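Colleague: would you be able to build a 3D model of this:
(one chain, ligands or ions: 1)
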Amino acid sequence: MHLEYEPMIRALDEALNAHLAWGRQVLRSALTHTVPGADVLDPAAHEVCQLGLWLRSHAGMLQGINAHKAKALEAAHHRMHDAIRAIMEQAQTGQAVSAAQVDAFEQAQDELMRLLTALKGRLVTEAIRHDPLTGLPLRHGLEHDFSDFQKACRRNQAFFYLAMIDADHFKAVNDRLGHQVGDQALRHLARTLRKNMRGNEPIYRFGGEEFVVLLQTHSAEDAQHAAQRLLEAVRTALMPLSQQEPLALSVTIGLTQVQDEDDLSSALQRADQAMYAGKQAGRNRFMLLDAPAQPPLAQRAG
Ligand SMILES: Nc1nc2c(ncn2[C@@H]2O[C@H](COP(=O)(O)OP(=O)(O)OP(=O)(O)O)[C@@H](O)[C@H]2O)c(=O)[nH]1
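Modeller: I've put the predicted structure just below:
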(Lines give C-alpha, C1' and ligand atoms only; values in the text may rest on other atoms or scores of the structure.)
Protein backbone atom coordinates (compact mmCIF):
# COMPACT_ATOMS: atom_id res chain seq x y z
CA MET A 1 0.00 0.00 0.00
CA HIS A 2 1.45 3.33 -1.02
CA LEU A 3 0.54 5.92 1.60
CA GLU A 4 1.31 9.57 1.07
CA TYR A 5 2.17 10.36 4.65
CA GLU A 6 2.97 14.04 4.25
CA PRO A 7 -0.39 15.18 2.81
CA MET A 8 -2.13 12.81 5.21
CA ILE A 9 -0.48 14.37 8.25
CA ARG A 10 -1.10 17.88 6.88
CA ALA A 11 -4.80 17.09 6.40
CA LEU A 12 -4.95 15.68 9.93
CA ASP A 13 -3.40 18.90 11.31
CA GLU A 14 -5.91 21.00 9.38
CA ALA A 15 -8.80 18.87 10.62
CA LEU A 16 -7.53 19.17 14.18
CA ASN A 17 -7.22 22.95 13.89
CA ALA A 18 -10.71 23.16 12.44
CA HIS A 19 -11.89 21.05 15.35
CA LEU A 20 -10.27 23.38 17.90
CA ALA A 21 -11.62 26.47 16.13
CA TRP A 22 -15.03 24.86 16.20
CA GLY A 23 -14.69 24.28 19.96
CA ARG A 24 -13.87 27.96 20.47
CA GLN A 25 -16.90 28.98 18.43
CA VAL A 26 -19.12 26.76 20.56
CA LEU A 27 -17.69 28.18 23.78
CA ARG A 28 -18.20 31.69 22.47
CA SER A 29 -21.86 31.13 21.64
CA ALA A 30 -22.44 29.51 25.05
CA LEU A 31 -20.90 32.50 26.85
CA THR A 32 -22.55 35.15 24.72
CA HIS A 33 -25.90 33.33 24.60
CA THR A 34 -25.95 33.39 20.85
CA VAL A 35 -27.23 30.62 18.62
CA PRO A 36 -24.41 28.32 17.49
CA GLY A 37 -24.12 27.23 13.86
CA ALA A 38 -26.50 24.52 12.66
CA ASP A 39 -23.51 22.17 12.44
CA VAL A 40 -23.16 22.18 16.24
CA LEU A 41 -26.71 20.99 16.79
CA ASP A 42 -26.72 18.53 13.93
CA PRO A 43 -26.92 14.97 15.41
CA ALA A 44 -24.59 13.86 12.59
CA ALA A 45 -22.08 16.65 13.32
CA HIS A 46 -19.34 14.09 14.06
CA GLU A 47 -19.69 12.73 10.53
CA VAL A 48 -19.71 16.01 8.63
CA CYS A 49 -17.10 18.04 10.54
CA GLN A 50 -13.61 18.19 9.01
CA LEU A 51 -12.13 15.76 11.52
CA GLY A 52 -15.02 13.35 10.99
CA LEU A 53 -14.42 13.45 7.23
CA TRP A 54 -10.70 12.81 7.75
CA LEU A 55 -11.41 9.87 10.02
CA ARG A 56 -13.85 8.41 7.50
CA SER A 57 -11.59 8.82 4.51
CA HIS A 58 -8.68 7.18 6.38
CA ALA A 59 -10.73 4.47 8.08
CA GLY A 60 -8.94 1.61 6.28
CA MET A 61 -5.50 2.90 7.19
CA LEU A 62 -6.53 3.53 10.82
CA GLN A 63 -7.96 0.00 11.07
CA GLY A 64 -4.69 -1.34 9.70
CA ILE A 65 -2.59 0.52 12.27
CA ASN A 66 -4.68 -0.41 15.29
CA ALA A 67 -8.33 -1.45 14.93
CA HIS A 68 -9.02 -1.04 18.65
CA LYS A 69 -7.61 2.50 18.80
CA ALA A 70 -9.38 3.44 15.55
CA LYS A 71 -12.68 2.51 17.15
CA ALA A 72 -11.82 4.39 20.36
CA LEU A 73 -10.91 7.48 18.34
CA GLU A 74 -14.17 7.46 16.44
CA ALA A 75 -16.13 6.89 19.66
CA ALA A 76 -14.36 9.74 21.54
CA HIS A 77 -15.03 12.08 18.64
CA HIS A 78 -18.69 11.08 18.53
CA ARG A 79 -19.00 11.47 22.32
CA MET A 80 -17.43 14.89 22.20
CA HIS A 81 -19.94 16.11 19.63
CA ASP A 82 -22.84 14.63 21.61
CA ALA A 83 -21.60 16.31 24.80
CA ILE A 84 -21.31 19.68 23.07
CA ARG A 85 -24.77 19.34 21.58
CA ALA A 86 -26.24 18.48 24.98
CA ILE A 87 -24.58 21.55 26.53
CA MET A 88 -25.75 23.85 23.78
CA GLU A 89 -29.30 22.54 23.84
CA GLN A 90 -29.41 23.05 27.60
CA ALA A 91 -27.98 26.56 27.30
CA GLN A 92 -30.56 27.41 24.64
CA THR A 93 -33.40 26.67 27.08
CA GLY A 94 -31.90 29.18 29.53
CA GLN A 95 -31.18 26.48 32.14
CA ALA A 96 -27.80 26.09 33.85
CA VAL A 97 -25.50 23.53 32.31
CA SER A 98 -24.67 20.80 34.82
CA ALA A 99 -21.15 20.02 36.00
CA ALA A 100 -21.71 16.43 34.78
CA GLN A 101 -22.39 17.72 31.27
CA VAL A 102 -19.19 19.77 31.29
CA ASP A 103 -17.27 16.75 32.66
CA ALA A 104 -18.60 14.58 29.85
CA PHE A 105 -17.41 17.11 27.30
CA GLU A 106 -13.97 17.51 28.91
CA GLN A 107 -13.41 13.77 29.22
CA ALA A 108 -14.34 13.17 25.60
CA GLN A 109 -12.16 16.06 24.47
CA ASP A 110 -9.17 14.83 26.54
CA GLU A 111 -9.54 11.28 25.23
CA LEU A 112 -9.82 12.54 21.68
CA MET A 113 -6.70 14.70 21.98
CA ARG A 114 -4.74 11.87 23.61
CA LEU A 115 -5.63 9.46 20.81
CA LEU A 116 -4.99 12.00 18.08
CA THR A 117 -1.59 12.93 19.50
CA ALA A 118 -0.61 9.24 19.62
CA LEU A 119 -1.88 8.73 16.07
CA LYS A 120 0.04 11.70 14.78
CA GLY A 121 3.22 10.42 16.45
CA ARG A 122 2.68 7.07 14.79
CA LEU A 123 2.11 8.63 11.36
CA VAL A 124 5.21 10.81 11.68
CA THR A 125 7.27 7.72 12.60
CA GLU A 126 5.86 5.85 9.60
CA ALA A 127 6.56 8.85 7.35
CA ILE A 128 10.21 8.87 8.43
CA ARG A 129 10.49 5.15 7.72
CA HIS A 130 9.04 5.40 4.21
CA ASP A 131 10.47 6.73 1.02
CA PRO A 132 8.31 9.65 -0.17
CA LEU A 133 9.06 8.87 -3.83
CA THR A 134 8.00 5.22 -4.00
CA GLY A 135 6.13 4.83 -0.72
CA LEU A 136 8.29 1.80 0.13
CA PRO A 137 9.88 1.33 3.55
CA LEU A 138 13.48 2.55 3.73
CA ARG A 139 16.50 0.52 4.82
CA HIS A 140 15.83 1.44 8.44
CA GLY A 141 12.77 -0.85 8.17
CA LEU A 142 14.96 -3.63 6.81
CA GLU A 143 17.24 -3.45 9.85
CA HIS A 144 14.18 -3.67 12.01
CA ASP A 145 12.52 -6.57 10.13
CA PHE A 146 15.47 -8.79 9.19
CA SER A 147 15.77 -10.81 12.38
CA ASP A 148 11.99 -11.19 12.70
CA PHE A 149 11.92 -12.57 9.16
CA GLN A 150 14.82 -14.88 9.95
CA LYS A 151 12.99 -16.21 13.00
CA ALA A 152 9.74 -16.67 11.05
CA CYS A 153 11.54 -18.65 8.33
CA ARG A 154 13.18 -20.85 10.98
CA ARG A 155 9.84 -21.42 12.66
CA ASN A 156 8.18 -22.30 9.34
CA GLN A 157 11.16 -24.42 8.30
CA ALA A 158 11.29 -22.30 5.17
CA PHE A 159 14.25 -21.01 3.17
CA PHE A 160 15.14 -17.36 3.66
CA TYR A 161 16.53 -15.53 0.64
CA LEU A 162 17.57 -11.92 0.36
CA ALA A 163 17.63 -10.24 -3.04
CA MET A 164 19.36 -7.00 -3.88
CA ILE A 165 17.79 -5.45 -6.99
CA ASP A 166 19.56 -2.68 -8.87
CA ALA A 167 18.17 -0.82 -11.90
CA ASP A 168 20.38 -1.15 -14.98
CA HIS A 169 21.91 1.88 -16.69
CA PHE A 170 19.75 4.21 -14.67
CA LYS A 171 22.11 7.12 -15.10
CA ALA A 172 21.38 6.94 -18.83
CA VAL A 173 17.62 7.19 -18.10
CA ASN A 174 18.20 10.40 -16.14
CA ASP A 175 20.63 11.77 -18.70
CA ARG A 176 18.38 11.05 -21.68
CA LEU A 177 14.95 11.82 -20.21
CA GLY A 178 15.61 14.07 -17.23
CA HIS A 179 15.51 13.54 -13.50
CA GLN A 180 11.73 13.90 -13.29
CA VAL A 181 11.13 11.02 -15.70
CA GLY A 182 13.86 9.16 -13.77
CA ASP A 183 11.75 9.64 -10.62
CA GLN A 184 8.67 8.35 -12.43
CA ALA A 185 10.66 5.36 -13.62
CA LEU A 186 11.70 4.55 -10.04
CA ARG A 187 8.06 4.74 -8.96
CA HIS A 188 7.10 2.52 -11.87
CA LEU A 189 9.84 0.06 -10.99
CA ALA A 190 8.82 -0.05 -7.32
CA ARG A 191 5.19 -0.67 -8.31
CA THR A 192 6.15 -3.44 -10.73
CA LEU A 193 8.31 -5.20 -8.15
CA ARG A 194 5.67 -4.85 -5.43
CA LYS A 195 2.94 -6.20 -7.72
CA ASN A 196 4.98 -9.28 -8.50
CA MET A 197 5.77 -10.28 -4.95
CA ARG A 198 3.67 -12.04 -2.38
CA GLY A 199 2.00 -9.86 0.27
CA ASN A 200 4.18 -11.26 3.08
CA GLU A 201 7.45 -10.58 1.24
CA PRO A 202 8.70 -7.14 2.21
CA ILE A 203 10.43 -4.83 -0.23
CA TYR A 204 12.55 -1.81 0.72
CA ARG A 205 14.03 1.08 -1.15
CA PHE A 206 17.58 0.49 -0.11
CA GLY A 207 19.30 3.35 -1.88
CA GLY A 208 18.97 5.48 -5.02
CA GLU A 209 18.02 2.86 -7.64
CA GLU A 210 18.48 -0.14 -5.37
CA PHE A 211 15.82 -2.25 -3.73
CA VAL A 212 16.02 -5.16 -1.30
CA VAL A 213 13.44 -7.90 -0.94
CA LEU A 214 13.11 -10.70 1.60
CA LEU A 215 11.77 -14.02 0.35
CA GLN A 216 10.44 -16.97 2.28
CA THR A 217 10.48 -20.03 0.02
CA HIS A 218 10.06 -23.80 0.13
CA SER A 219 13.16 -24.52 -1.91
CA ALA A 220 16.18 -22.96 -3.57
CA GLU A 221 14.37 -23.35 -6.91
CA ASP A 222 11.44 -21.31 -5.62
CA ALA A 223 13.76 -18.42 -4.79
CA GLN A 224 15.30 -18.55 -8.24
CA HIS A 225 11.86 -18.67 -9.85
CA ALA A 226 10.89 -15.61 -7.83
CA ALA A 227 13.99 -13.75 -9.04
CA GLN A 228 13.26 -14.80 -12.61
CA ARG A 229 9.65 -13.66 -12.26
CA LEU A 230 10.80 -10.23 -11.07
CA LEU A 231 13.25 -9.89 -13.95
CA GLU A 232 10.54 -10.69 -16.47
CA ALA A 233 7.99 -8.44 -14.83
CA VAL A 234 10.36 -5.47 -14.97
CA ARG A 235 11.40 -6.25 -18.54
CA THR A 236 7.83 -6.46 -19.82
CA ALA A 237 6.24 -3.62 -17.82
CA LEU A 238 6.97 -0.79 -20.24
CA MET A 239 6.51 2.70 -18.85
CA PRO A 240 4.47 4.92 -21.19
CA LEU A 241 6.10 8.23 -22.09
CA SER A 242 4.33 11.12 -23.77
CA GLN A 243 5.38 11.52 -27.40
CA GLN A 244 8.09 8.91 -27.17
CA GLU A 245 8.49 5.20 -27.29
CA PRO A 246 7.63 3.59 -23.92
CA LEU A 247 10.58 3.18 -21.59
CA ALA A 248 11.91 -0.34 -21.10
CA LEU A 249 13.76 -0.95 -17.85
CA SER A 250 15.74 -3.88 -16.60
CA VAL A 251 17.30 -4.82 -13.29
CA THR A 252 20.11 -7.00 -12.05
CA ILE A 253 19.42 -9.14 -9.01
CA GLY A 254 21.90 -10.49 -6.47
CA LEU A 255 20.36 -13.40 -4.59
CA THR A 256 21.65 -15.14 -1.50
CA GLN A 257 20.29 -17.64 0.95
CA VAL A 258 20.36 -16.26 4.46
CA GLN A 259 21.79 -18.77 6.91
CA ASP A 260 21.12 -18.99 10.64
CA GLU A 261 24.55 -17.55 11.38
CA ASP A 262 24.05 -14.59 9.04
CA ASP A 263 23.21 -11.12 10.23
CA LEU A 264 21.88 -8.41 7.98
CA SER A 265 25.26 -7.07 7.10
CA SER A 266 26.74 -10.43 6.03
CA ALA A 267 23.63 -11.27 3.99
CA LEU A 268 23.67 -7.85 2.32
CA GLN A 269 27.33 -8.14 1.55
CA ARG A 270 26.82 -11.45 -0.30
CA ALA A 271 23.74 -10.22 -2.16
CA ASP A 272 25.68 -7.11 -3.18
CA GLN A 273 28.58 -9.23 -4.41
CA ALA A 274 26.17 -11.41 -6.41
CA MET A 275 24.51 -8.32 -7.87
CA TYR A 276 27.87 -6.87 -8.84
CA ALA A 277 28.78 -10.14 -10.55
CA GLY A 278 25.47 -9.92 -12.44
CA LYS A 279 26.35 -6.41 -13.63
CA GLN A 280 29.73 -7.66 -14.78
CA ALA A 281 28.12 -10.54 -16.63
CA GLY A 282 25.95 -8.19 -18.69
CA ARG A 283 23.06 -7.08 -16.40
CA ASN A 284 19.36 -7.97 -16.77
CA ARG A 285 19.85 -11.27 -14.93
CA PHE A 286 20.11 -12.72 -11.47
CA MET A 287 23.11 -14.26 -9.80
CA LEU A 288 23.07 -16.50 -6.80
CA LEU A 289 25.86 -16.43 -4.26
CA ASP A 290 25.78 -19.02 -1.51
CA ALA A 291 27.34 -18.67 1.91
CA PRO A 292 31.08 -19.64 2.00
CA ALA A 293 30.49 -23.19 3.26
CA GLN A 294 28.63 -23.94 0.05
CA PRO A 295 29.77 -23.82 -3.57
CA PRO A 296 30.99 -20.28 -4.33
CA LEU A 297 29.04 -18.92 -7.23
CA ALA A 298 26.24 -20.53 -9.20
CA GLN A 299 25.30 -18.51 -12.17
CA ARG A 300 21.96 -18.30 -13.90
CA ALA A 301 21.34 -16.20 -16.94
CA GLY A 302 18.22 -14.06 -16.79
N1 LIG B 1 15.73 10.35 -10.97
C2 LIG B 1 16.35 9.77 -9.95
N3 LIG B 1 17.57 9.22 -10.14
C4 LIG B 1 18.18 8.64 -9.10
C5 LIG B 1 17.61 8.58 -7.82
N6 LIG B 1 18.47 7.94 -7.00
C7 LIG B 1 19.55 7.59 -7.73
N8 LIG B 1 19.38 8.00 -9.01
C9 LIG B 1 20.30 7.91 -10.14
O10 LIG B 1 20.63 6.58 -10.44
C11 LIG B 1 21.84 6.61 -11.18
C12 LIG B 1 22.72 5.45 -10.75
O13 LIG B 1 23.83 5.45 -11.58
P14 LIG B 1 24.98 4.42 -11.49
O15 LIG B 1 25.27 4.06 -10.06
O16 LIG B 1 26.11 4.95 -12.31
O17 LIG B 1 24.43 3.11 -12.12
P18 LIG B 1 23.63 2.84 -13.45
O19 LIG B 1 23.70 3.96 -14.43
O20 LIG B 1 22.25 2.38 -13.07
O21 LIG B 1 24.45 1.66 -14.06
P22 LIG B 1 24.53 0.16 -13.57
O23 LIG B 1 24.02 0.06 -12.16
O24 LIG B 1 25.98 -0.20 -13.65
O25 LIG B 1 23.69 -0.63 -14.51
C26 LIG B 1 22.50 7.96 -10.92
O27 LIG B 1 22.43 8.74 -12.09
C28 LIG B 1 21.62 8.57 -9.84
O29 LIG B 1 21.51 9.98 -9.98
C30 LIG B 1 16.34 9.20 -7.63
O31 LIG B 1 15.76 9.21 -6.55
N32 LIG B 1 15.74 9.78 -8.72
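
Colleague: how close does A291 sit to R283?
Modeller: Applying C-beta to C-beta, to the nearest Å, the value for A291 to R283 is 24 Å. Backbone N, C-alpha and C define where each C-beta goes, glycine included.

Colleague: quick one: average confidence on stretch 197-206?
Modeller: In this model, stretch 197-206 has a mean pLDDT of 91.

Colleague: may I see the buried residues of it?
Modeller: Residues of stretch 197-206 classed as buried: 197, 201-206 (neighbour count, 16 or more other C-beta atoms under 10 Å).

Colleague: redo the residues you listed as TSV? Include secondary structure and distance to the ligand.
Modeller: Listed next are those as TSV, based on DSSP: H, G, I helix; E, B strand; the rest coil; distance: C-beta to the nearest ligand atom, whole Å:
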residue	secondary structure	distance to the ligand
M197	coil	21
E201	coil	23
P202	coil	20
I203	strand	16
Y204	strand	14
R205	strand	9
F206	coil	11
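
Colleague: is it possible to export those residues to JSON lines including distance to K279?
Modeller: Listed next are those as JSON lines, based on distance: C-beta to C-beta, whole Å:
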{"residue": "M197", "distance to K279": "22"}
{"residue": "E201", "distance to K279": "24"}
{"residue": "P202", "distance to K279": "24"}
{"residue": "I203", "distance to K279": "20"}
{"residue": "Y204", "distance to K279": "20"}
{"residue": "R205", "distance to K279": "19"}
{"residue": "F206", "distance to K279": "15"}
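
Colleague: which helix or strand contains G60?
Modeller: Using DSSP states H and E, G60 sits in helix 59-92.

Colleague: which positions in that helix come out as buried?
Modeller: Using 16+ other C-beta under 10 Å as the test for burial, helix 59-92 gives 62, 70, 73-74, 76-88, 91.

Colleague: so what does it touch, helix or strand wise?
Modeller: helix 5-31, helix 38-41, helix 45-48, helix 50-57, helix 99-129 (3 or more C-beta pairs under 8 Å, 6 or more residues apart in numbering; DSSP states H and E).

Colleague: which one of these has the poorest average confidence?
Modeller: Of all the helices and strands packed on helix 59-92, helix 38-41 carries the lowest average pLDDT, namely a mean of 76.

Colleague: out of the helices and strands in the chain, which is least certain?
Modeller: When the helices and strands of the chain are scored by mean pLDDT, DSSP states H and E, strand 297-299 comes last with a mean of 52.

Colleague: give the contact list for the nearest residue to E126 once chain neighbours are set aside.
Modeller: Ranked by C-beta to C-beta, 6 or more residues apart in numbering and with sequence neighbours excluded, the top spatial neighbour of E126 is Y5, at 6.0 Å. Neighbouring residues of Y5 by C-beta atoms under 8 Å, 6 or more residues apart in numbering: 123-124, 126-127, 130, 132.

Colleague: of those residues - the most surrounded one?
Modeller: Each of the contacts of Y5 was scored for neighbours by other C-beta atoms under 10 Å, and H130 scores highest at 22 neighbours.

Colleague: got a list of what that one touches?
Modeller: 3, 5, 136-138, 141.

Colleague: what's the answer for F206, then?
Modeller: Here F206 is in contact with 139, 142, 164, 212 (criterion: C-beta under 8 Å, 6+ apart).

Colleague: quick one: the closest residue to L16 other than its chain neighbours from R285, how far?
Modeller: With C-beta to C-beta, 6+ apart as the criterion, L16 has its nearest non-adjacent residue at 6.2 Å, and that residue is L116. Distance, L116 to R285, using C-beta to C-beta: 50 Å.

Colleague: now A11
Modeller: A11 sits 44 Å away from R285, going by C-beta to C-beta.
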